[in-house]
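Q: give me the fold of what follows.
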Amino acid sequence: MSYISVIGAGSWGTTIAYLLADKGYDVTLWAHDTDLAEEINKTRVNSLYLPDFKLPFEIRATNHIADAVNKSRYIVNAVPTQYTRDVFKEAVRNIIDEAVIISVSKGIERGTLMTVSSILKELSAHPVAVLSGPSFAKEVIKKSPTAVTIATEQKNTGIVLQEIFNTNSFRVYTHDDILGVEIGGALKNVMAIAAGISDSLGFGNNARASLITRGLAEMTRLGIAMGAKEKTFSGLSGIGDLVLTCTSPLSRNYTVGMKLGQDIKLKDILSQTKSVAEGVATAESAFELSRKYNIEMPIVEQIYKVLYEEKNPFFAAKDLLDRSLKPEFYG
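A: Residues are numbered from 1 along each chain as shown. Below is the predicted model of the structure:
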């Protein structure tokens, strides 16, 4: 079956829909906003998130979730993590038995501390895959060279999905560690906030490189404690995505960090953007996970305090440097 649904018409969901439609698939794109769905169908443009790109006629937008999913063999979840549960509670009632769900959202749900695949598995018995890696939407839709990984529990499913998503410019690898891929994709957003703060405060390249490296160590420690594979964090969904997100103003989370370093209040930062910076919510969940698993995550802890206790970013950085000395590899 050539029908594919993409749930979520933000920049990444729209880009995935574009990528698939460009390969000849019939794609239904679900938008939360009725006006946005109508605009896409009428003008072939998503003016809210990707105003500079014309969308193929193979993309049909809708605001009705049942209409979006009831024919599709493959359903892509591009809904921000904190809204995935509510959207898919309705969606799963209308999904065909043979459907496979592919999540491209990156985050950890507040309260439950669940990854997106765990939420989707809780809501239905459908197979769930995860697509992740260093992939800014605006570069993917321009067909700039990009490499990502798709994690599945069944090897054959992974091979099929690899063929579906792979293009001449969007190279897809397969993997079997769904949890590790999700932890990397979620936690790198927290580290990107830290990198943005560091750059905003003028700390320089050395500081950013240190944050990336030590951030990777924190991500890996937590991932292993939760049951992920260590090698996953040296791959595209780990260090690859981490480097990308921590070094570019195209990253929403890096931009949040930059503004925090300029002493702009979080509520004002969030009110100024249409897109969701997943790292803000994930910082809270990651902090709680570090307590749950008794894992030392000092960068996560300081970002949590900056975001939720209004700690001064400069003093957060100072407290990171003033910690007791220890070996580089421990725990």
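Q: sort out which residues of the strand or helix carrying T28 are buried, please.
A: Per DSSP states H and E, T28 falls inside strand 26-30. Using 16 or more other CB atoms under 10 Å as the test for burial, strand 26-30 gives 26-30. For every residue, glycine as well, the C-beta is placed using N, CA and C.
Q: check stretch 105-123 too.
A: Neighbour-count burial for stretch 105-123 [16+ other CB under 10 Å]: 105-109, 114-121, 123.
Q: quick one, helices of the stretch 1-150 of the chain?
A: 11-22, 34-43, 65-69, 81-91, 116-123, 137-141 (DSSP state H, counting those that start in this stretch).
Q: out of the buried residues of stretch 105-123, who's nearest A195?
A: Taking CB to CB as the measure, A195 sits nearest to K106 out of these, at 16.1 Å.
Q: that closest one against T81, yeah?
A: Yes. In this structure, K106 is within contact of T81 by CB atoms under 8 Å, at 7.1 Å.
Q: got any residues that touch both of the two?
A: 116, 186, 278 (CB atoms under 8 Å, 6 or more residues apart in numbering).
Q: just the angle for the helix or strand that the second one is a member of relative to helix 81-91, thanks.
A: A186 belongs to helix 178-200 when assigned by DSSP H and E. Using axes from the mean of the first three to the mean of the last three CA atoms, to 10 degrees, one finds that helix 178-200 and helix 81-91 are set 140 degrees apart in direction.
Q: alpha carbons only: can I get helix 178-200 in CSV?
A: Output of helix 178-200 as CSV, limited to C-alpha atoms (Å, rounded to 0.1, in the frame of the first residue of the first chain):
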residue,chain,number,x,y,z
ILE,A,178,14.9,1.9,20.0
LEU,A,179,15.4,3.1,23.6
GLY,A,180,19.0,4.2,23.0
VAL,A,181,18.0,6.1,19.9
GLU,A,182,15.2,7.9,21.8
ILE,A,183,17.4,8.8,24.8
GLY,A,184,20.0,10.3,22.5
GLY,A,185,17.4,12.2,20.5
ALA,A,186,15.8,13.6,23.7
LEU,A,187,18.8,14.4,25.8
LYS,A,188,20.7,16.2,23.1
ASN,A,189,18.1,18.9,23.2
VAL,A,190,18.9,19.6,26.9
MET,A,191,22.6,19.8,26.1
ALA,A,192,21.9,22.2,23.2
ILE,A,193,20.3,24.6,25.7
ALA,A,194,23.5,24.4,27.7
ALA,A,195,25.6,25.0,24.6
GLY,A,196,23.5,28.0,23.7
ILE,A,197,23.9,29.5,27.2
SER,A,198,27.6,28.9,27.0
ASP,A,199,28.0,30.7,23.6
SER,A,200,25.7,33.5,24.7
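Q: mean confidence for that helix?
A: What helix 178-200 shows for mean pLDDT is 98.
Q: okay, the angle between it and helix 116-123?
A: Using the same axes, to 10 degrees: helix 178-200 against helix 116-123 is 140 degrees.
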